[in-house]
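> for reference, the sequence and a predicted model appear below.
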Number of protein chains: 2
Amino acid sequence: MTRRKRSNPATIKDVAHELGMSVATVSRALSRPQLLRPETRERVMDAVERLGYRPNLMARGLRQGLANAILFVAPNLSPFFLEIFAGAEAVTRDSQFSLLFGNSNGDLGSVQHFFEQITSGKADGIILLTGVAPDGYAAGERQLPPLITVLERLPGAVVPVVHTDHFAGAQEAVRHLVELGHRRIAHIAGLRRVPSAIRRLEGYRTALAAAGVPATAELIETGDFTMSSGAAAMMRLLALPQPPTAVFCSNDEMAYGAIRAVVKMGLSVPEDVSVVGFDDQNLAEFYNPPLTTVAVPRHELGRRAAQELIDQLAGRDVAREVVLPTRLVVRESTAPPTARRPGSRVRHAKRNR
Amino acid sequence: MTRRKRSNPATIKDVAHELGMSVATVSRALSRPQLLRPETRERVMDAVERLGYRPNLMARGLRQGLANAILFVAPNLSPFFLEIFAGAEAVTRDSQFSLLFGNSNGDLGSVQHFFEQITSGKADGIILLTGVAPDGYAAGERQLPPLITVLERLPGAVVPVVHTDHFAGAQEAVRHLVELGHRRIAHIAGLRRVPSAIRRLEGYRTALAAAGVPATAELIETGDFTMSSGAAAMMRLLALPQPPTAVFCSNDEMAYGAIRAVVKMGLSVPEDVSVVGFDDQNLAEFYNPPLTTVAVPRHELGRRAAQELIDQLAGRDVAREVVLPTRLVVRESTAPPTARRPGSRVRHAKRNR
DNA sequence: AACGGGAGTGTCTACGTTTACATTGGGGCA
DNA sequence: TGCCCCAATGTAAACGTAGACACTCCCGTT
């Protein structure tokens, strides 16, 4: 027995029958109204309204070979990616497209799974934030689906990308610290397998070199972009014989963690340690102290990616590469270094909860 | 001319032809393997692999009257809702269902639009976080789609709901402040049209009454759940002739804003003003100071909602109501009131950027 | 030897659309 | 008056799949 949608029995056939017309006419009234006599169109619209008819999108999709959906794949559900998602959502909201969300969870198998959703016809294209594609695709054996990458490039494949200049952004952040007078500037880097994190690290190194400050390996710590990893890294930095007076973090969340760690040790930001983040998430402005950070246009990244993908699906040609500018936003987590040596720490006991 | 999916020409027919079998056999190999001789099944699987065949989900969906997708509708993209989304995602990830995201943006028209996506067959059911349904549905004229609401009830309709006890949570928060010795306790409420915000307000009032503290209208401010509205509300409270020594906020974001406002005025948290939030978003633990707040099991709310909806779609019967417990998490943003009167404010000038 | 039944597979229709192609009728023009 | 063409509509064939039903063996039973 055929299982039927309980909700909407009204089909195009019902509408046609109600009016004594053919289904073709009804179909045209909906998709290409200019082909019909205005009066006929009216009558159809009336009946559609009266019967509560809604076209079955799966039937339409099957017929046209289009799902009218876009799949957004992020490596996790952190606010940063979700703010990009919000940008994409703003675009699809006014379009015929639905937005599917996929969380790859850093797992390559998942990405493969999402790619197959395309060949299965669940979506027409992918907005990919993970910078990795399953083997078969990356190697070019299997044809890539309509795809646009955000922030990360897909190695070994020519795919349009919407991103920002992490290298320049990082340099600007470090230069800001140098200009404030800092010399012992640490970096809490992101995971080495994330290309954009590498670029930020390189920007850090380059800016230090340009300022004539020798790079010190002990001042480079690594986290996994989470607040707790940022806090842990900061703890290690504070435990150095000669701790840094400033820290540049590879993203905002690690910066929050770093600030928490500083405060927990009885020191303060920016008096004892200046902290700079990267991303300028919504919260940065309201963190305590408000975070100096490199603004990444998250919303715009999402918008552009969605727009480019839709254009691509419509057969219009799209830019190979869109680079959006970053911008250093100076708030209250950075200041000139003070004479006081942060090495002499723990002014008052850490308060327990 | 028929527009074809460029990516996957291989259909069930191709597989059948390759093996000299009928399409039915191939179909069965995939959906009901136990009906086939093991050897046949093997051969089919082989060919499927070889040809890179993936079933067309729209054709399957059309045939079966199922989209195998769930639509998640939230009023906005704030972290709070997205953390609930993450919970739902964890469930659908291991299921046959895809997760569609819809942002109603507080707009009733959008909600209507999403309801129609169901009758259009884009999804099989809805997880609704907005507490409002389009007129026709709410009034019972049109049949409700498979639906589960989260946190908010749908007025005038019997729909399963997964939520928490806002009333009890708010009471616990206020009781905590009372026990610390506070008497002048303010509340930064949420929008009056959001039922859960009303419940929190009621919890606040009830707890105050229970403690024998008379309620004062001037101590109740209203925000719209954003950080900036929380900051603005706090500014108004601090401007009172007799400012509060503690503030209970209807959500975490307004609490962050409130703390920022306090600090901006040269006062500190919790020494001058204690602040309590509601939700326990991921960030609360790493805010500065770490925020005392009422933990709402966001992830679990999402999990349960998705699970119940999937059960419902499978024809299993589901609970009318699931109530998950809240729990007060005491961190460092609350402390006993000090002798110092916060009225004498602005100890040092606000720093400009 | 005849029959029943079940395992395994094939045939073919329906799901709800869109659209290529066919048909109709009427108006403009010679 | 006859013809052509175009506007408006109808007919019917796909799109790719699932499953109802039909068929063919073969084995076990009588």
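Perfect, thanks for sending it.
> any idea how many residues pack against residue A:89?
Residues contacting residue A:89 under the criterion other Cβ atoms under 10 Å in any protein chain shown number 22. In this view, the C-beta of every residue, glycine as well, is placed from N, C-alpha and C.
> tell me what angle the helix or strand containing it forms with helix B:79-92.
Here residue A:89, judged by DSSP states H and E, is contained in helix A:79-93. Counting by axes from the mean of the first three to the mean of the last three Cα atoms, to 10 degrees, helix A:79-93 lies at 80 degrees to helix B:79-92.
> now check helix A:79-93, is it near chain B?
Yes. Using Cβ under 8 Å from any Cβ of the partner chain, helix A:79-93 reaches chain B at A:79, A:82-83, A:85-86, A:89, A:93.
> which strands or helices does that helix pack on?
In terms of contacts (3 or more Cβ pairs under 8 Å, 6 or more residues apart in numbering or on different chains; DSSP states H and E), helix A:79-93 is packed against strand A:69-74, strand A:98-103, helix A:252-264, helix A:298-313, helix B:79-92, strand B:98-103.
> of those, which stretch is the most buried?
Each of the helices and strands packed on helix A:79-93 was scored by mean neighbour count; the highest is helix A:252-264, a mean of 27, by mean count of other Cβ atoms under 10 Å in any protein chain shown.
> please pull up the helix or strand immediately following it.
Taking DSSP H and E, what comes next after helix A:252-264 is strand A:274-279.
> could you give the mean pLDDT of the helix holding residue A:89?
Per-residue pLDDT values over helix A:79-93 give a mean of 94.
> and the contacts of it?
Here helix A:79-93 makes contact (Cβ atoms under 8 Å, 6 or more residues apart in numbering or on different chains) with A:70, A:72, A:74-75, A:98-99, A:101, A:127, A:129, A:150, A:251-253, A:279, A:281-283, A:298-307, A:310, B:77, B:79, B:82, B:101, B:103, B:105, B:110.
> and it with strand A:69-74, angle?
Using the same axes, to 10 degrees: helix A:79-93 against strand A:69-74 is 170 degrees.
> give me the mean pLDDT for stretch A:147-163.
Stretch A:147-163 shows a mean pLDDT of 91.
> just how off-centre is the helix holding residue A:89 within its chain?
Between the centre of helix A:79-93 and the centre of its host chain there is 8 Å, according to Cα atoms, centre = their mean, to the nearest Å.
> now the angle from it to strand A:98-103?
On the basis of the same axes, to 10 degrees, helix A:79-93 is oriented at 160 degrees to strand A:98-103.
> by how many degrees do helix A:79-93 and strand A:274-279 diverge?
When the same axes, to 10 degrees is applied, the directions of helix A:79-93 and strand A:274-279 differ by 30 degrees.
> is the worst-scoring helix or strand of chain A on mean pLDDT anywhere near chain B?
The weakest-scoring helix or strand in chain A, judged by mean pLDDT, DSSP states H and E, is helix A:135-138 (a mean of 70). No. If you take Cβ under 8 Å from any Cβ as the test, helix A:135-138 misses chain B, and the best it gets is 9.0 Å.
> gap between whichever residue of the stretch 101-250 of chain A sits closest to DNA strand D and residue B:68?
Nearest residue of the stretch 101-250 of chain A to DNA strand D, counting by Cβ to the nearest atom of the strand: residue A:121, 7.8 Å away. Distance of residue A:121 to residue B:68, given as Cβ to Cβ, to the nearest Å: 12 Å.
> those two: who's more crowded?
residue A:121 (25 against 17).
> pretty sure the residue of the stretch 101-250 of chain A closest to DNA strand D is touching residue A:67, no?
Yes. Between residue A:121 and residue A:67 there is a contact under Cβ atoms under 8 Å: 5.5 Å.
> name the residues contacting each of these two.
Common contact partners of residue A:121 and residue A:67 (Cβ under 8 Å, 6+ apart): A:61, B:58.
> mind checking the SS state of the spatially closest residue to residue A:290 that is not a sequence neighbour?
Counting by Cβ to Cβ, 6 or more residues apart in numbering or on different chains, the nearest residue to residue A:290 once its immediate chain neighbours are dropped is residue A:331, at 3.8 Å. Three-state assignment for residue A:331 (DSSP: H, G, I helix; E, B strand; the rest coil): coil.
> quick one, what contacts residue A:331?
A:284-285, A:289-293, B:353.
> what do you get if the cut-off is 10 Å, keeping everything else the same?
A:270, A:276-277, A:280, A:284-285, A:287, A:289-293, B:353 (Cβ atoms under 10 Å, 6 or more residues apart in numbering or on different chains).
> distance of the residue nearest the centre of chain A relative to residue B:277?
In chain A, the residue lying closest to the centroid (Cα atoms, centre = their mean) is residue A:81, at 3.3 Å. Using Cβ to Cβ, residue A:81 is found at 24 Å from residue B:277.
> next: residue A:225.
Using Cβ to Cβ, residue A:225 is found at 24 Å from residue B:277.
> repeat for residue A:24
59 Å.
> how about the residues of chain A by DNA strand C?
Listed as neighbours of DNA strand C in chain A under the rule Cβ under 7 Å from any atom of the strand: A:2, A:4-5, A:11-13, A:23-24, A:27-28, A:30-32, A:53-56, A:59-60, A:62-64.
> list only buried entries from the residues you listed.
Neighbour-count burial (16 or more other Cβ atoms under 10 Å in any protein chain shown) applied to those gives A:5, A:11-12, A:27-28, A:30, A:53-56, A:59-60, A:62.
> what's opposite the closest residue to residue A:161 other than its chain neighbours in the beta bridge?
Leaving aside its sequence neighbours, residue A:161 sits nearest to residue A:149 (Cβ to Cβ, 6+ apart; 4.7 Å). Note on residue A:149: beta-bridge partners residue A:128, residue A:161, judged by DSSP bridges.
> so what's the residue count around residue A:149?
Here the number of neighbours of residue A:149 (other Cβ under 10 Å) works out to 23.
> that one: what's it in contact with?
By Cβ under 10 Å, 6+ apart, residue A:149 lies in contact with A:73, A:126-133, A:157, A:159-163, A:305.
> one more time with 6 Å
By Cβ atoms under 6 Å, 6 or more residues apart in numbering or on different chains, the contact list for residue A:149 reads A:128, A:159, A:161.
> for the second one, grab phi and psi.
Its backbone dihedrals place residue A:159 at phi -130, psi 140, with angles given as degrees, to the nearest 10.
> that one and residue A:147: what is the separation?
In terms of Cβ to Cβ, residue A:159 sits 5 Å off from residue A:147.
> which of the two has more neighbours?
Neighbours were tallied for residue A:159 and for residue A:147 using other Cβ under 10 Å; the higher tally belongs to residue A:147 (22 against 18).
> hang on, the earlier thing: out of the residues of helix A:79-93 next to chain B, who's nearest residue B:257?
Checking those against residue B:257 by Cβ to Cβ gives residue A:79 as the nearest, at 16.4 Å.
> ok, residue A:145 touching residue A:119?
No. When contacts are counted by Cβ atoms under 6 Å, residue A:145 is not listed as touching residue A:119 (7.1 Å).
> show me which of these two is the more surrounded one.
With neighbours defined as other Cβ under 10 Å, residue A:145 and residue A:119 compare such that residue A:145 has more, 23 against 20.
> which non-adjacent residue is nearest the more buried one?
Nearest residue to residue A:145, sequence neighbours excluded (Cβ to Cβ, 6+ apart): residue A:118, at 4.0 Å.
> same question for residue A:147.
Spatial nearest neighbour of residue A:147, chain neighbours left out: residue A:126 (5.0 Å); criterion: Cβ to Cβ, 6+ apart.
> and for residue A:301?
Looking at residue A:301 with Cβ to Cβ, 6+ apart, the closest residue is residue A:84, at 5.2 Å.
> kindly report the same for residue A:185.
residue A:246 (4.7 Å).
> residues in contact with the residue in the stretch 251-353 of chain A that DNA strand D sits nearest to?
For the stretch 251-353 of chain A, the residue closest to DNA strand D is residue A:313, as judged by Cβ to the nearest atom of the strand, at 17.8 Å. Residues counted as contacts of residue A:313 (Cβ under 6 Å, 6+ apart) are A:124-125, A:146.
> for those residues, give me CSV that also has secondary structure, distance to chain B and neighbour count.
Below are the contacts of residue A:313 laid out as CSV (DSSP: H, G, I helix; E, B strand; the rest coil; distance: Cβ to the nearest Cβ, whole Å; neighbours: other Cβ atoms under 10 Å in any protein chain shown):
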residue, secondary structure, distance to chain B, neighbour count
A:124, coil, 9, 23
A:125, strand, 10, 21
A:146, coil, 9, 18
